[in-house]
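Colleague: Provided below for reference: sequence and predicted model.
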Amino acid sequence: MTPVNAIDFIPHEKPMVFIDHILEVGDNFAIVELFITPELMFCEEYGLPTWTSIELMAQTVSLYAGSQGQKLGQTPKIGFLLGTRKLILPVAYFELGKIVKIKVERQYLHEGLGQFSCEILYEAHTIQAMLSVYEPVEASESKFGNI
């Protein structure tokens with residue numbers, strides 16, 4: 001089986017890509033991994049700051065959306081992070097040489113507006129948050145026609 005490159009599913013380019021391996025993508029979820037290396041954008045002496053967690057989660061949501069779009073013959077689309085709730089960061093850094101696993105699960109999706117339950121598994125820690133996202137519907141797909 002040929003490995004699937006995460007960048008094929010998200011509208012990002014290096015160095016702003018934080019997903020190494022796609023572990024699994026289903027109808028309502030995606031699970032990915034990231035190996036913490038000094039080459040990562042925002043990486044510091046001690047590792048990747050955990051304040052990047054929201055971006056790790058958002059890119060995993062983007063990967064999920066891109067994989068669903070690919071089933072329909074669509075290319076990855078730009079989406080927008082509207083906000084997050086309940087994000088608590090128990091450590092300051094993801095240490096160099098460690099692996100983080102990111103899981104997202106769709107809770108709600110209607111006309112481009114969605115909410116995802118997200119978690120990052122790192123060592124003995126679990127970082128959780130709810131992300132609200134929006135992917136604009138293109139004019140050709142709009143039920144209102146060209147406005």
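Modeller: Yes, it's here.
Colleague: tell me which strands and helices the longest strand seen in the chain is in contact with?
Modeller: Identified as the longest strand of the chain according to DSSP state E is strand 99-110. In terms of contacts (3 or more CB pairs under 8 Å, 6 or more residues apart in numbering; DSSP states H and E), strand 99-110 is packed against strand 29-35, helix 53-71, strand 113-122. Quick note: C-beta positions are derived from backbone N, CA and C, even for glycine.
Colleague: Using CSV, lay out these together with mean pLDDT, mean neighbour count and distance to Leu131.
Modeller: As requested, those are arranged in CSV below (pLDDT from 0 to 100; neighbours: other CB atoms under 10 Å; distance: least, CB to CB, whole Å):
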stretch, mean pLDDT, mean neighbour count, distance to Leu131
strand 29-35, 96, 20, 12
helix 53-71, 91, 21, 6
strand 113-122, 96, 19, 5
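Colleague: Please report the distance of the residue nearest the centre of the chain from Val100.
Modeller: In the chain, the residue lying closest to the centroid (CA atoms, centre = their mean) is Thr60, at 1.9 Å. Relative to Val100, Thr60 is positioned 11 Å away (CB to CB, to the nearest Å).
Colleague: next one: Ile120
Modeller: Taking CB to CB, one finds Ile120 at 5 Å from Val100.
Colleague: which neighbours do those two share?
Modeller: Taking CB atoms under 8 Å, 6 or more residues apart in numbering as the contact rule, Ile120 and Val100 both touch Leu56.
Colleague: Show the pLDDT at Phe144.
Modeller: Note on Phe144: pLDDT of 36.
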